[in-house]
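K.L.:
Build me a model from this:
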Amino acid sequence: MIIAWTIYYFFASLTTDLPWQHCTNGYNDQVCFSFSGYKDCEQMRLNLTANGVENNIIYLNRTCIEDPAVLALIRGDLESWYGSQKKMNASCEEEKCEMVKCIYTNTTYCDQEPGAVNTITKLFDIPVKLRKSSSGQYLTKSVLQESASIEPADFG
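P.N.:
Residues are numbered from 1 along each chain as shown. Alright, predicted model coming up:
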């Protein structure tokens, strides 16, 4: 079986457009992060800034968002887009950790203080710890066919 998968992925990787390269597949969710999509968004930001145009373009939900109406919707529900959980004690073991709600106030820091959402003055790209690579999602959701509703005990 391992040899069959090896042969399959060897030939699949010879194509110019890999199925795990982009976040445009049915198995990708809103936290899918595509480096090519992010680079396109970053280039758009740089071009507008170089031309002296004020912009608030962000890479979120698998796309480069620049529509003011969509940005306003995101601003109206920051906790949904930037909310997460983190360990109460960083040194605890994974299974025994108490989790607390927090909100990302930038791409790397999740603040658990009440009112942290009010410190966000400018929208930013999807936080680093929430990003899931398109190749990782391909592996778990397409190859391994993992689902939130299927537990390992269900396999028999």
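K.L.:
Where does Lys101 sit: helix, strand or coil?
P.N.:
Under the three-state scheme (DSSP: H, G, I helix; E, B strand; the rest coil), Lys101 adopts strand.
K.L.:
same check, this time on Lys122
P.N.:
Going by three-state DSSP: Lys122 is coil.
K.L.:
Quick check: closest non-adjacent residue to it.
P.N.:
Asn56 (6.6 Å; CB to CB, 6 or more residues apart in numbering). Just so you know, the C-beta spots here come from the backbone N, C-alpha and C atoms, and that holds for glycine as well.
K.L.:
Ok, Thr63 next?
P.N.:
Gly37 (7.1 Å).
K.L.:
I'd guess that neighbour is in a helix, am I close?
P.N.:
Yes: when three-state DSSP is applied, Gly37 is found to be in a helix.
K.L.:
List the contacts of it.
P.N.:
His22, Cys23, Tyr59, Arg62, Thr63, Cys64 (CB atoms under 8 Å, 6 or more residues apart in numbering).
K.L.:
Quickly find the element holding the last one.
P.N.:
This points to Cys64. strand 63-65 (DSSP states H and E).
K.L.:
ok, the residue nearest to Lys122 touching Leu123?
P.N.:
Yes: assessed by CB atoms under 8 Å, Asn56 is found in contact with Leu123 at 5.9 Å.
K.L.:
what touches both of those two?
P.N.:
Leu71.
K.L.:
neighbours around the nearest residue to Tyr138 once chain neighbours are set aside, how many?
P.N.:
The shortest distance from Tyr138 to any non-neighbouring residue, by CB to CB, 6+ apart, is to Trp20 (3.6 Å). Per other CB atoms under 10 Å, the neighbour tally for Trp20 reads 21.
K.L.:
about what we covered before: what's the helix or strand following the strand holding Cys64 packed up against?
P.N.:
Later in the chain than strand 63-65, the nearest helix or strand by DSSP H and E is helix 68-76. Judged by 3 or more CB pairs under 8 Å, 6 or more residues apart in numbering; DSSP states H and E, the packing partners of helix 68-76 are strand 58-60.
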